[in-house]
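> sequence? don't have it. structure:
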Ligand SMILES: Nc1ncnc2c1ncn2[C@@H]1O[C@H](COP(=O)(O)OP(=O)(O)OP(=O)(O)O)[C@@H](O)[C@H]1O
């Protein structure tokens with residue numbers, strides 16, 4: 001037989017494997033402790049399964065700053081097992097059923113965890129005595145790629161362990177870190193690290209004789225609420241807005257979702273703290289919740305989901321997908337329940353996360369159905385819950401901009417629902433309302449469609465109104481505001497600040513129609529159309545926003561008869577500022593000057609003993 005065709009075993013370059021682990025699999029050398037804790041937990045579980053009467057499991061960690069020992073009283077290893085398991089990369093008793101035990105009862109499975117000790121030390125020394133009663137063994141693996149194995153009937157080099165009578169059942173791992181990694185096993189650090197990974201483990205763990213275990217309050221939502229809140233505050237770095245218990249029995253996933261007290265930045269990723277079999281998997285696991293659940297941060301434990309080889313994220317499989325969907329349903333149920341039973345808390349939730357919830361509702365039909373009815377919109381009659389609008393049915397009119405809305409809101413007939421679609425995501429949401437209720441139609445509305453005729457005053461009044469326009473424009477010269485006098489509804493409105501180009505055109509048209517209503521109106525409409533269609537820039541002056549005084553309003557008529565120049569000026573200026581405020585327009589410096597001048601005049605007037613001296 002040709003020598004080349006003989007099957008040969010793969011060779012493993014241990015340095016290469018350790019390099020792979022440290023650079024590409026594990027995020028930090030600290031994970032070696034997690035792997036040792038995990039091996040201890042699994043060894044204790046294996047012993048318990050073989051012998052239910054075995055003593056209670058323990059894991060003891062000690063460090064003098066130079067040498068770290070991690071000791072468990074688990075199932076231990078025989079010489080054969082140590083040969084097969086410790087030095088075969090990728091071999092695991094937990095997955096390969098070497099010990100005839102069930103895979104799902106263990107945390108480990110890949111058969112690479114022990115190698116992580118090479119991230120901090122060049123040598124791993126394992127001393128173990130199997131519960132089966134065989135001789136203790138000592139295994140020493142070196143980062144060079146070799147190992148030694150011996151039965152401890154031989155005298156031990158340090159003379160301390162060689163006597164079967166003094167070595168209890170279980171396994172001890174000894175590590176002497178490289179000088180560059182020594183800080184990790186400094187007693188304070190190693191304690192913090194053990195708590196970080198293993199404080200919620202059911203196995204009793206001590207560091208330098210001190211227990212580190214804590215009750216997992218996130219697994220007991222019926223427990224003291226202050227403990228659950230304190231855990232949330234620790235997780236978020238701020239008091240959570242609220243918390244939601246999570247329980248997905250199908251994959252043994254339980255925990256708490258904490259509501260963030262502030263809106264996260266749009267670029268933020270999910271960062272949930274996840275434990276697997278109560279051992280920390282990761283602080284920033286981002287795959288467990290649906291994307292839209294950005295408003296919570298969870299702390300969860302699971303035993304039905306698979307870790308990736310790094311044990312820092314979860315494998316994307318059907319179980320994870322199922323869990324994600326179920327967690328999503330739980331959160332949606334909570335939102336609906338809060339909205340229907342605790343309006344105040346729900347409003348608080350919305351006020352913090354409203355913008356992102358609106359954005360998400362546009363892309364997620366399911367979420368839209370849950371959230372949108374509980375949102376509110378600005379309407380001409382004040383803020384209204386969308387669900388009330390959906391229930392009322394009919395046609396909802398909306399403006400595309402807040403500017404249009406403000407002009408319309410001042411003149412809209414009572415009973416006509418006009419919604420402000422000018423805020424972020426608002427008009428897109430409004431356009432989607434018919435999907436939520438078939439009785440609803442939505443229609444965009446423009447200022448020009450709502451404003452009444454803006455008819456010119458009767459011919460008989462024309463002299464008076466032309467004079468009023470001239471005097472009022474002079475009073476507002478500083479603000480460079482044009483003035484027109486027109487008839488419009490509602491009557492009680494003395495003045496309207498008009499900025500909509502369509503409406504301004506209409507005012508101009510009606511000016512022309514003053515002369516020969518039918519003839520000129522037709523011509524002006526044509527001119528308007530052409531201006532709009534031939535792309536010529538409209539006349540700036542014609543389309544400059546202006547104050548429209550309402551001739552149908554008694555105050556305006558009275559104003560036309562005021563001879564006193566000062567009283568006239570003051571009144572026009574106040575009407576101008578009032579119209580701007582009514583239209584929610586920002587006041588420029590010159591407007592504020594007009595306002596304060598007129599107001600201080602009024603104040604003087606009202607406090608002056610000589611009423612007539614300041615007019
Ligand atoms: N403390 C221990 N007690 C008994 N057996 C152990 C102990 N530590 C390791 N072993 C044995 O060595 C094997 C290899 O351990 P290693 O940590 O490399 O991988 P694993 O725990 O099986 O899987 P993973 O890579 O997922 O951690 C284990 O399957 C187990 O049989």
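Yep, it's here. Computed from a predicted model, the values in this text were never measured in an experiment.

> Which helix or strand lies directly C-terminal to the helix or strand of the chain with the lowest mean pLDDT?
Using mean pLDDT, DSSP states H and E, the weakest-scoring helix or strand in the chain turns out to be helix 517-533, at a mean of 40. Using DSSP states H and E, the next helix or strand after helix 517-533 towards the C-terminus is strand 546-550.

> ok, residues contacting the helix or strand following that following strand?
Going down the chain from strand 546-550, the next helix or strand is helix 554-560, by DSSP H and E. With contacts defined as C-beta atoms under 8 Å, 6 or more residues apart in numbering, helix 554-560 is touched by 464-465, 467-468, 485, 494-495, 549-551, 568, 571-572, 575. The C-beta positions use only the backbone N, C-alpha and C, and glycine is treated the same way.

> can you rerun that using 7 Å?
464, 468, 494, 549, 550, 551, 568, 571 (C-beta atoms under 7 Å, 6 or more residues apart in numbering).

> same check, this time on stretch 436-443
Counting by C-beta under 7 Å, 6+ apart, 369, 372-373, 390, 393, 395-398, 430-431, 433-434 sit against stretch 436-443.

> With stretch 236-247 instead?
Stretch 236-247 has contacts (C-beta under 7 Å, 6+ apart) with 221, 228-229, 232-233, 254-261, 297-298, 300, 327, 330-331, 334, 345, 348-349, 352.

> out of those, which are inside strands?
Among the contacts of stretch 236-247, DSSP state E puts 254, 255, 256, 257, 258, 259, 297, 298, 300 in strands.

> So which bits of the stretch 451-600 of the chain are right by the ligand?
Counting by C-beta under 6 Å from any ligand atom, no residue of the stretch 451-600 of the chain lies close to the ligand.

> Quick one: low-confidence residue ranges for the stretch 451-600 of the chain.
Scanning the stretch 451-600 of the chain for pLDDT under 70 picks out the ranges 451-454, 506-544.

> quick one on the thing from earlier: which members of the contacts of helix 554-560 are classed as buried?
Among the contacts of helix 554-560, the ones that count as buried by 16 or more other C-beta atoms under 10 Å are 468, 494, 549, 550, 551, 568, 571.

> Widest-spaced pair of the ones in strands among the contacts of stretch 236-247?
254 and 259 (18.0 Å; C-beta to C-beta).

> Show me the residue of the stretch 401-550 of the chain that gets nearest to the ligand, please.
The nearest approach of the stretch 401-550 of the chain to the ligand comes at residue 425, 45.8 Å away (C-beta to the nearest ligand atom).

> Could you pull up the residues touching that residue?
358, 359, 362.

> Any idea how many residues pack against residue 20?
Residue 20 has 14 neighbouring residues, counting by other C-beta atoms under 10 Å.

> Hmm, I typed the wrong one, I wanted residue 244.
By other C-beta under 10 Å, neighbour count at residue 244 equals 21.

> What strand or helix carries it?
Residue 244 belongs to strand 243-248, assigned by DSSP H and E.

> now swap in residue 174 and tell me
For residue 174, the enclosing helix or strand under DSSP H and E is strand 170-177.

> could you say what helices and strands that strand packs with?
Counting by 3 or more C-beta pairs under 7 Å, 6 or more residues apart in numbering; DSSP states H and E, the packing neighbours recorded for strand 170-177 are strand 68-72, strand 121-129.

> Of all these, which one is nearest the ligand?
Nearest of these (C-beta to the nearest ligand atom): strand 68-72, 5.3 Å.

> For the contacts of residue 425, which single residue is the most surrounded?
Top of the contacts of residue 425 by neighbour count (other C-beta under 10 Å): residue 358, with 20 neighbours.

> Against the ligand, how distant is residue 230?
32 Å (C-beta to the nearest ligand atom, to the nearest Å).

> now do residue 329
As judged by C-beta to the nearest ligand atom, residue 329 and the ligand stand 32 Å apart.

> number of nearby residues for that residue?
There are 13 residues near residue 329, going by other C-beta under 10 Å.

> With residue 186 instead?
Residue 186, neighbours per other C-beta under 10 Å, totals 15.

> so what's it up against?
residue 65.

> Backbone dihedrals for it, please?
phi -60, psi 130 (degrees, to the nearest 10).

> which bits of the stretch 151-300 of the chain sit near the ligand?
So the stretch 151-300 of the chain meets the ligand at residue 171 (C-beta under 6 Å from any ligand atom).

> in the stretch 151-300 of the chain, which spans are strands?
For the stretch 151-300 of the chain, the strands defined by DSSP state E, counting those that start in this stretch occupy 170-177, 204-207, 210-211, 243-248, 253-259, 272-276, 279-285, 296-302.

> Mind listing the strands the first one pairs with, and their directions?
According to DSSP bridges, strand 170-177 has the following sheet partners: strand 68-72 (antiparallel), strand 121-129 (antiparallel).

> try the fifth one
Each strand that pairs with strand 253-259, with its direction, by DSSP bridges: strand 243-248 (antiparallel), strand 296-302 (antiparallel).

> how about those, which one is nearest residue 19?
Short answer: strand 296-302, nearest of those by C-beta to C-beta, at 30.9 Å.

> Domain-wise, how is this protein divided?
14-211, 217-341, 375-451, 462-614 (automatic domain parsing).

> Check the offset of the shortest one from the chain's centre.
Mean C-alpha position of domain 375-451 versus that of the full chain (C-alpha atoms, centre = their mean, to the nearest Å) differs by 28 Å.

> same deal with the longest one?
For domain 14-211, the distance between its averaged C-alpha position and the chain's averaged C-alpha position is 40 Å (C-alpha atoms, centre = their mean).

> Could you tell me the average pLDDT over that domain, please?
The pLDDT scores in domain 14-211 average 85.

> measure it end to end?
35 Å (C-alpha to C-alpha, to the nearest Å).

> how about the closest residue to residue 37 other than its chain neighbours, what does it touch?
Counting by C-beta to C-beta, 6 or more residues apart in numbering, the nearest residue to residue 37 once its immediate chain neighbours are dropped is residue 198, at 4.6 Å. Residue 198 sits next to 37, 205, 212, 279 when contact means C-beta under 7 Å, 6+ apart.

> Tell me the one of those residues nearest residue 130?
Minimum distance to residue 130 across these is 20.5 Å, recorded for residue 37 (C-beta to C-beta).

> so who does that closest one touch?
59, 194, 197, 198, 279.

> Among these, which one sits closest to the ligand?
Within the contacts of residue 37, proximity to the ligand (C-beta to the nearest ligand atom) peaks at residue 59, which comes in at 9.0 Å.

> residues in contact with the closest residue to the ligand within the stretch 201-350 of the chain?
In the stretch 201-350 of the chain, the residue that lies nearest the ligand is residue 311 (7.0 Å; C-beta to the nearest ligand atom). Listed by C-beta under 7 Å, 6+ apart, the contact partners of residue 311 are 34, 281.

> doesn't it fall inside a helix?
No: counting by DSSP: H, G, I helix; E, B strand; the rest coil, residue 311 falls outside a helix, being coil.

> so residue 42 is in which element?
Here residue 42 is assigned to helix 31-50, by DSSP H and E.

> buried ones in that helix?
Buried residues in helix 31-50 (16+ other C-beta under 10 Å): 31-48.

> picking up where we left off before, from the contacts of stretch 236-247, which would you call buried?
221, 228-229, 232, 254-261, 297-298, 300, 327, 330-331, 334, 348-349, 352.

> which stretches of the stretch 51-200 of the chain form helices?
With DSSP state H, counting those that start in this stretch, the ranges of helices along the stretch 51-200 of the chain come out as 79-81, 187-198.

> Let's have those in TSV, adding distance to residue 180.
Formatted as TSV, the helices of the stretch 51-200 of the chain follow (distance: least, C-beta to C-beta, whole Å):
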stretch	distance to residue 180
helix 79-81	33
helix 187-198	14
